[in-house]
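Asks: this is the structure alone, sequence omitted:
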């Protein structure tokens, strides 16, 4: 019975999930290494099909030689549309600099997200524009190579204004906005590869599309549980884990049960703890991709976990 549950969970992680309530799409990128196109509903937007890659369960945007841009279609309805995803930028060996004009993610060429120079001398930061190739607004904080951040993007289909949050807890947190560009209907989420100032590599994971901010704030592999069965404030860091320690947090101090399964459905670690934050020792687990399951007060969260 447990094995069947894990197999079902894995299938769910690998598929784009149909709309439930206000949630439109959930994509965990749990595919075999290789071309992204041909998995789920991903399709070629432009460029040489097959050179936009999946690696270790993440979509890899490689600015420079690879030319393929990819898209995934969805029905946005009317009004606001929200997208969120985890992203990290590989270490360039130097801080990001130059006049960047190449965005890596967008909603039908609206709400374009750039990697841009950091405002305070750090590794990099991000910018957003409603339609321009160059960022119209820049995130005020420096970001760090190799660290995973969650971007939440809002696009107003009536006014054409795009808004961006980084690692928010609520919609009232700090955000930046592009200019109003006029009404537009969004039909696709796109990932884009092109030449940029430093030809950086951006790794993208845990994409959500929805109609409200709360729909997309926390990634859930199964949208059937989003409305009534989500753990409030659930977060994990880092992912991938490279130092043998995984941090688990939520908004509640209640008891949590954690289980990690390999891709064959075998349990490799379990733990029970309470509190809002806990470091879990995963140093005994071999490198690879796993499924993390956490339950709290009858609610369940599942995530893809990568250990290096």
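Replies: Thanks, I have the structure now. As the structure is a computational prediction, the values presented were derived from the model and not from experiment.
Asks: how does this structure divide into domains?
Replies: Domain assignment of the chain by automatic domain parsing yields the ranges 16-219, 235-307.
Asks: can I get those domains in JSON lines including mean neighbour count?
Replies: For the C-beta atoms, the positions are set from N, CA and C on the backbone; glycine is no exception. Formatted as JSON lines, the domains of the chain follow (neighbours: other C-beta atoms under 10 Å):
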{"stretch": "domain 16-219", "mean neighbour count": "19"}
{"stretch": "domain 235-307", "mean neighbour count": "16"}
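Asks: just the pLDDT for the nearest residue to residue 127 once chain neighbours are set aside.
Replies: Leaving aside its chain neighbours, residue 127 sits nearest to residue 135 (2.5 Å; criterion: C-beta to C-beta, 6 or more residues apart in numbering). On the pLDDT scale, residue 135 is placed at 90.
Asks: my guess is residue 135 contacts residue 128. True?
Replies: Yes - at 6.2 Å, residue 135 and residue 128 qualify as touching, with contact defined as C-beta atoms under 8 Å.
Asks: name the residues contacting each of these two.
Replies: Jointly contacting residue 135 and residue 128 under the rule C-beta atoms under 8 Å, 6 or more residues apart in numbering are 112, 114.
Asks: do me a favour and get the end-to-end distance for stretch 138-146?
Replies: 20 Å (C-alpha to C-alpha, to the nearest Å).
Asks: what does it rub up against?
Replies: Outside stretch 138-146, the residues touching it (C-beta under 8 Å, 6+ apart) are 88-92, 116, 118-127, 149, 164, 166, 174, 176.
Asks: redo that, cut-off 6 Å
Replies: 89, 91, 116, 118, 120, 122, 123, 124, 125, 126, 127, 166 (C-beta atoms under 6 Å, 6 or more residues apart in numbering).
Asks: okay, these in JSON lines with pLDDT and secondary structure next?
Replies: Listed next are the contacts of stretch 138-146 as JSON lines, based on pLDDT from 0 to 100; DSSP: H, G, I helix; E, B strand; the rest coil:
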{"residue": "89", "pLDDT": "95", "secondary structure": "strand"}
{"residue": "91", "pLDDT": "95", "secondary structure": "coil"}
{"residue": "116", "pLDDT": "92", "secondary structure": "strand"}
{"residue": "118", "pLDDT": "94", "secondary structure": "coil"}
{"residue": "120", "pLDDT": "95", "secondary structure": "coil"}
{"residue": "122", "pLDDT": "95", "secondary structure": "coil"}
{"residue": "123", "pLDDT": "96", "secondary structure": "coil"}
{"residue": "124", "pLDDT": "95", "secondary structure": "strand"}
{"residue": "125", "pLDDT": "95", "secondary structure": "strand"}
{"residue": "126", "pLDDT": "96", "secondary structure": "strand"}
{"residue": "127", "pLDDT": "95", "secondary structure": "strand"}
{"residue": "166", "pLDDT": "94", "secondary structure": "strand"}
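Asks: farthest-apart pair in these, please.
Replies: Greatest spatial distance in the contacts of stretch 138-146: 91 and 127, 20.1 Å, computed using C-beta to C-beta.
Asks: ok, now which ones touch residue 160?
Replies: Contacts of residue 160 by C-beta under 6 Å, 6+ apart are 130, 180, 181, 182, 184.
Asks: ok, and the closest non-adjacent residue to it?
Replies: residue 181 (3.5 Å).
Asks: separation between that neighbour and residue 259?
Replies: Residue 181 sits 46 Å away from residue 259, taking C-beta to C-beta, to the nearest Å as the criterion.
Asks: got the contact list for the residue nearest to residue 160?
Replies: 130, 131, 160.
Asks: next: residue 33.
Replies: Contacts of residue 33 (C-beta under 6 Å, 6+ apart): 54, 55.
Asks: and the pLDDT for it?
Replies: 91.
Asks: re earlier: the residue nearest to residue 160: which element?
Replies: Assigned by DSSP states H and E, residue 181 falls within no helix or strand.
Asks: thinking again about what came up before, helix/strand/coil for the residue nearest to residue 127?
Replies: coil (DSSP: H, G, I helix; E, B strand; the rest coil).
Asks: surely it and residue 115 touch.
Replies: No - if you go by C-beta atoms under 6 Å, residue 135 and residue 115 don't touch, sitting 9.3 Å apart.
Asks: low-confidence ranges in this structure?
Replies: 1-21, 100-101, 220-230 (pLDDT under 70).
Asks: ok, now with 80
Replies: 1-22, 98-102, 196-197, 218-230, 232-233, 263 (pLDDT under 80).
Asks: quick one: the helices in it, in order.
Replies: 2-14, 213-217 (DSSP state H).
Asks: could I get the phi/psi values of residue 158?
Replies: phi -90, psi -50 (degrees, to the nearest 10).
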